[in-house]
Every structure is written in C-alpha cells, then in structure tokens.
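Asker: predicted coordinates and the sequence they were generated for:
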Amino acid sequence: MRYFCLFIVLCLLLPVLYLSSCAKVDDDDNQAPEVTDIRININDTVRYLDGEVVRTIKLNDSLDTDPGRIDIVPIDKWLYVSAHFSDDISLSSYIVGGRITYKSLKEGRDSTLRFVKLGRGIFGAKDSTIIRHRVMRIEDTLNVGGVASYALREEKDHHIYIVAMDRAGNMNTSPDTLRIPVKYVRRKTIIEDNSTPATPDPEP
C-alpha cells in the first residue's frame, strides 16, 4: 500500500505524458529510461545578519557525493530538482511529486499536502540533464479560512519521487527514484545548527 497513491497519480498522468510522445518510435523499445545524479536544492544558500555582518550558509554542496546524504530544503523557499535522464532511444517527459506532513495547530489530526508537477525539456533526447527545475514553494503553514491552521512537521521523514517516461511509454520504477529522502527545515533551525558558538575569553 506504500506506493498506492503514487500509482494512482501515475495512472491519471499517463495519458497526458503519452500524448506528448506521439511521434513514431521503435516497436521493440521496451527498456525503461533511467534517472540518475538526483540532487535536491543543490548549492542552495541561507543568508542571515550576524550583527553587522551578512553571513551565508551553503546547503547540499555539489561536491558531496555521499549516496546516504539527505538534502535539505529550507522552508519558505522553492523546492528545486536536478537530475540526469537517459534512454536507449528517446525520452519524453517526467513528473516530480511527493507529500508533506503538517501538524494541526488546534489539536486536530495531521494534514498531508500532496503535489505532482510535470517536467519539460527532455523530449526527444537520449541524454538530458536538468538543473534546478523549480517545483513548488514549501510553505511553513497552511491556512484554513484565512487562518494559519497547520504547521509543517520539520522533524518528519519526507520523500519525493521522480518518474520519467520515454516516447514508447516505458516508465522507470527504480526504488531510488520513488523514495528520495529530503528534510524540510526552517531558516531559524538552519542558522542555529550552522552558527559558530562564541569562544569564551580565556581566564586570566
């Protein structure tokens, strides 16, 4: 059941994606496209004022190639995706989706925000790299009737997924692209976690 919602979304989007790949393709094309080098908000930054000095915190360094890393998305900023797509014959399109958990501010149940965004720019290519594709702005709170009613759970384990399709209709279903871990973190938390503590004066 873990990917039930994902496959429902894919079933709904498949006709849209397939119409974009109406060009003639090889009937023997049964190899799914690949999605690699996935980075979330690569080289993102958070700036803050420290006294009269403007300091910059760099997130998700492009030099960090640790496969076990979890990229950070600052809350109230845009979610960006970078990735490499490849296919043996021809690519068509891709989608980026996920869900974000918000806690109730009124002692109610959590609320889940689901999103699916259609990507562009890879149609007809065998190899294509997208850099910082803008997906959506990550809101800190959700309003109900104009009143802030839910706040994002930054302690929650969140994931996004990327699904690519080629012009023959084949889709990638690799677990590495269906559960990409991310952390949504508030600006205040990022600054506190990366600030250098003051060094006490040495005793006389």
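Answerer: Structure's in. What do you need? These numbers were taken from a predicted model, which means no experiment stands behind them.
Asker: next SSE after the one helix or strand residue 56 maps to?
Answerer: Applying DSSP states H and E as the criterion places residue 56 in strand 53-59. The first helix or strand that comes after strand 53-59 along the chain, using DSSP H and E, is strand 71-74.
Asker: show me what that next one is packed up against.
Answerer: strand 34-40, strand 44-50, strand 53-59, strand 180-185, helix 187-194 (3 or more CB pairs under 8 Å, 6 or more residues apart in numbering; DSSP states H and E). All C-beta atoms are positioned from the backbone trio N, CA, C, and that covers glycine.
Asker: could you point out which of the ones you listed sits nearest residue 106?
Answerer: Of all those, it is strand 180-185 that lies closest to residue 106, at 21.2 Å by CB to CB.
Asker: tell me which strands and helices that closest one is in contact with?
Answerer: Partner elements for strand 180-185 (3+ CB pairs under 8 Å, 6+ apart): strand 34-40, strand 71-74, strand 158-166.
Asker: the inter-axis angle of the last one versus strand 34-40?
Answerer: Think strand 158-166. 150 degrees (axes from the mean of the first three to the mean of the last three CA atoms, to 10 degrees).
Asker: quick one on the thing from earlier: send the alpha carbons of the strand holding residue 56 over as CSV?
Answerer: The C-alpha coordinates for strand 53-59 follow below in CSV (Å, rounded to 0.1, in the frame of the first residue of the first chain):
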residue,chain,number,x,y,z
VAL,A,53,27.9,41.1,9.1
VAL,A,54,26.0,39.2,6.4
ARG,A,55,26.8,35.5,6.6
THR,A,56,25.9,32.8,4.1
ILE,A,57,25.2,29.1,4.9
LYS,A,58,25.7,26.8,1.9
LEU,A,59,23.4,23.7,1.7
